[in-house]
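> Provided below are the primary sequence and the corresponding predicted coordinates.
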Amino acid sequence: MPAHTTYEHSRPSIAIIGMGFAGTWLEIYLLERAQKALTIFEIESYEGRRGGGVAYGECADMHQVNLSPSRQYGPHDNDQDYLAWLNTSDRSSWPEPFKSTVADKVFGPGSGAFPRSLFRLYSLDRLNEAKARAERRGIDIHYVSIMAEVMDIDESQPRAVLTLSAMINTCGNPLHPMNVDNGPGNRVIADIWVAATGHGPPLVPPFMRNIVASERALLDPWCPKIAARMAARDQSERIFYVGTGMTTYDLIMLDEGRGHTGGAVMASRHADLHHVYSEGHVHAPTEVRIPDALVYSSTADELLHGKPGYFRGAIEIFQELTAPVAEGGGGLTSEQVILAWQKYIPDLCANLPSAELRHLFREKTPLNTRAIGIAPNVGKALDRAAARGLETWAVDIHDMEERPDGIYIDLTRHDMPDSPRALHRFDRVYCGVGMSNDFNDIKERVPLWQSIIVKNEFTVPHRFGGVVTRAGGKLPGSRAGFTVGMPMTGMRIERGFAPTISGAVVSIRTDFPAAADRIMEHLRNLS
């Protein structure tokens with residue numbers, strides 16, 4: 001049994017918890033602002049996710065990015081950066097078969113589909129460049145790379161103490177062997193800690209809880225071990241996909257690349273498909289108030305925040321409609337409001353100048369989840385899948401049970417009104433409902449956030465899916481804690497930004513400059 005390890009340095013230090021997209025780009029901004037000697041602890045629970053996190057890290061290379069290069073970029077103020085990297089970087093490390101397919105192609109803003117792991121390579125390249133620039137400026141920065149999961153935060157000492165452990169996720173086992181970097185008793189001691197933990201664990205619908213241990217069920221589509229199991233299975237099996245959103249589309253595209261020939265069904269309560277991918281249909285939306293801002297706005301800012309003395313903006317109305325009834329709100333779900341509003345998007349596009357539209361739709365807002373185009377190749381892939389027999393069902397799923405010959409699903413189909421409640425047999429079930437962003441759920445399932453929210457009360461969950469923070473991501477109850485990335489949703493609402501309905505690169509990159517400024521200011525005050 002190795003001796004316990006304590007990571008600590010006498011110089012000012014920052015511990016970044018999570019080196020996915022958010023942690024990587026926060027470090028880039030910190031390096032640009034560094035003026036004195038500094039230690040940065042780069043803590044990541046799974047080495048294959050450095051630079052990319054869950055969505056862009058080590059997963060099957062056929063996992064596709066569903067946004068164009070002009071929307072997938074790291075800097076908050078340069079929407080051509082990723083595109084420039086695609087056209088100038090060394091392609092020798094790009095994954096096959098994509099590398100051979102594109103050869104020396106010059107990419108444009110809307111060019112095709114890209115393996116998600118490419119974005120990880122891009123982020124790591126930009127981090128290495130930032131480190132080189134800091135070195136050329138003569139800034140002495142000590143980097144400590146640690147492969148572990150942070151389980152607990154203790155601020156009772158002069159410096160924060162971070163307790164480490166090995167990572168265990170829905171694959172069922174540690175994703176890396178126990179070593180000196182992790183395990184009970186090991187810890188990091190730092191002046192400042194930053195939670196850049198990204199999405200929460202995969203959502204597990206209640207009707208799947210009986211089959212979570214089944215080899216026939218896939219709960220975490222981003223787990224490398226489960227991805228390998230998917231690739232090795234009999235491609236003639238009949239598959240049931242839970243969810244009709246982008247994660248399911250990605251799984252269907254993966255199966256196409258593997259040569260899947262068996263039947264398949266993707267199902268959700270309303271079988272609501274994104275318009276860009278398929279004809280589909282939109283379930284009749286709840287009738288809710290339409291903000292005057294949708295009709296009278298002349299800028300994106302007026303649309304989101306209103307016009308003083310004239311009308312309120314979409315964000316305020318959105319918050320009012322989705323607030324609990326007990327708090328005087330409408331008690332509607334985010335999806336209900338979005339579906340009700342999206343029919344007004346064409347008129348909105350006709351009214352606003354093109355520059356304002358680009359600004360508006362570059363970031364996630366309450367208006368655009370289903371109303372704007374994503375990569376059209378996804379729609380083509382779904383068309384091909386439909387030709388091979390893919391069906392889309394509107395269902396209520398009551399329960400699932402594994403039997404020797406497959407998984408039996410107890411469901412009622414709404415797309416076939418005369419169809420009775422019945423059991424349907426499938427060979428495998430894949431959950432495509434994505435990862436959890438509900439911190440009321442995450443705080444019970446993730447030890448670190450249990451420590452942050454419950455044990456230490458450094459912050460509280462925000463009802464729009466994030467946690468409440470102050471400007472720059474400072475956690476209000478913590479002496480030395482910050483957060484960036486997905487958990488900052490609540491903070492952006494407090495500051496007047498649009499709430500994020502679903503997390504993505506496009507929705508968090510504006511957090512990095514403010515967070516880096518606040519962190520470096522805090523570090524200077526300590527000295």
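That came through fine.
> and S145, bridged to which residues?
Note on S145: beta-bridge partners by DSSP bridges are E42.
> quick check: longest helix of the chain.
Selection of the longest helix in the chain by residue count, based on DSSP state H, yields helix 116-136.
> run through who's touching it.
21, 24-25, 27-28, 31-32, 34, 49-52, 55-59, 61, 63-65, 72, 74, 81-82, 85-86, 89, 93-95, 98, 141, 143, 505 (C-beta atoms under 8 Å, 6 or more residues apart in numbering). Every residue, glycine included, has its C-beta placed from N, CA and C.
> then stretch 441-455?
For stretch 441-455, using C-beta under 8 Å, 6+ apart, the contacting residues are 17, 149-153, 165, 195, 197, 200-201, 436, 439, 458-461, 467, 475, 478, 481.
> try it again at 7 Å.
By C-beta atoms under 7 Å, 6 or more residues apart in numbering, the residues outside stretch 441-455 that reach it are 17, 150-153, 195, 197, 200-201, 436, 439, 458-461.
> confirm F482 sits in a helix?
No: assigned with DSSP: H, G, I helix; E, B strand; the rest coil, F482 falls outside any helix and is strand.
> what sits against it?
By C-beta under 7 Å, 6+ apart, F482 lies in contact with 192, 194, 473-475, 515, 519.
> again, only using 6 Å
By C-beta atoms under 6 Å, 6 or more residues apart in numbering, the residues touching F482 are 194, 473-474, 519.
> ok, so of the residues you listed, who is nearest A300?
Nearest to A300 among the contacts of F482, counting by C-beta to C-beta, is G473 at 23.8 Å.
> identify the farthest-apart pair in the contacts of F482.
Between any two of the contacts of F482, the greatest separation by C-beta to C-beta is 10.2 Å, found for V194 and K474.
> of those two, who's got more company?
Taking other C-beta atoms under 10 Å, V194 and K474 do not tie; V194 has more neighbours (29 against 21).
> strands of the stretch 1-150 of the chain, start to end?
6-7, 13-17, 38-44, 141-147, 149-154 (DSSP state E, counting those that start in this stretch).
> any idea which of the ones you listed is most buried?
Counting by mean count of other C-beta atoms under 10 Å, strand 13-17 has the highest mean neighbour count of these, with a mean of 25.
> ok now it, how far from the chain's centre?
Here strand 13-17 shows a centroid-to-chain-centroid distance of 21 Å under the convention C-alpha atoms, centre = their mean, to the nearest Å.
> counting contacts, what elements does it pack onto?
Packing partners of strand 13-17 (3 or more C-beta pairs under 6 Å, 6 or more residues apart in numbering; DSSP states H and E): strand 38-44, strand 187-190, strand 192-195.
> neighbouring contacts of the first one?
Residues from elsewhere that reach strand 38-44 (C-beta under 6 Å, 6+ apart): 9, 11-17, 19, 50, 141-146, 188, 190.
> any idea of the mean pLDDT in it?
Average pLDDT, strand 38-44: 95.
> one more: the last one?
Averaging pLDDT along strand 192-195 yields 96.
> okay, now the sheet partners of that strand, with direction.
As defined by DSSP bridges, the strand partners of strand 192-195 come to strand 13-17 (parallel), strand 481-483 (parallel).
> which stretch in the ones you listed has the least confidence?
Across the strands paired with strand 192-195, strand 481-483 gives the lowest mean pLDDT, at a mean of 94.
> report the distance from it to the chain centre.
Distance, stretch centre to chain centre, for strand 481-483: 18 Å (C-alpha atoms, centre = their mean).
> pull the longest strand from this structure.
Taking DSSP state E as the criterion, the chain has its longest strand at strand 390-403.
> how far off centre is it?
Counting by C-alpha atoms, centre = their mean, strand 390-403 comes out at 26 Å from the chain centroid.
> give the other helices and strands that it contacts.
Applying 3+ C-beta pairs under 6 Å, 6+ apart, one finds that strand 390-403 contacts strand 264-268, strand 406-413.
> list the strands paired with that strand, with their directions.
strand 264-268 (parallel), strand 406-413 (antiparallel).
> got the ones you listed as a markdown table, with mean neighbour count and mean pLDDT columns?
Shown next, in a markdown table, are these (neighbours: other C-beta atoms under 10 Å; pLDDT from 0 to 100):
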| stretch | mean neighbour count | mean pLDDT |
| --- | --- | --- |
| strand 264-268 | 22 | 94 |
| strand 406-413 | 18 | 96 |
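> just tell me which of those ends up closest to L357.
Of all these, strand 264-268 sits nearest to L357, with 29.3 Å by C-beta to C-beta.
> contacts for that closest one?
Residues from elsewhere that reach strand 264-268 (C-beta under 6 Å, 6+ apart): 239-241, 243-244, 248, 390-393, 395.
> cutoff 7 Å now
With C-beta under 7 Å, 6+ apart as the test, strand 264-268 has contacts from 238-244, 248, 385, 389-393, 395.
> now the strands paired with strand 192-195 as a markdown table including distance to L526?
Formatted as a markdown table, these follow (distance: least, C-beta to C-beta, whole Å):
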| stretch | distance to L526 |
| --- | --- |
| strand 13-17 | 10 |
| strand 481-483 | 13 |
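> tell me where the stretch 301-450 of the chain has strands.
Remark: strands assigned in the stretch 301-450 of the chain by DSSP E, counting those that start in this stretch are 306-307, 311-312, 390-403, 406-413, 422-426, 428-431.
> now render the ones you listed as TSV, adding distance to N210.
Formatted as TSV, the strands of the stretch 301-450 of the chain follow (distance: least, C-beta to C-beta, whole Å):
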stretch	distance to N210
strand 306-307	48
strand 311-312	46
strand 390-403	6
strand 406-413	10
strand 422-426	14
strand 428-431	11
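> many thanks, we can stop here.
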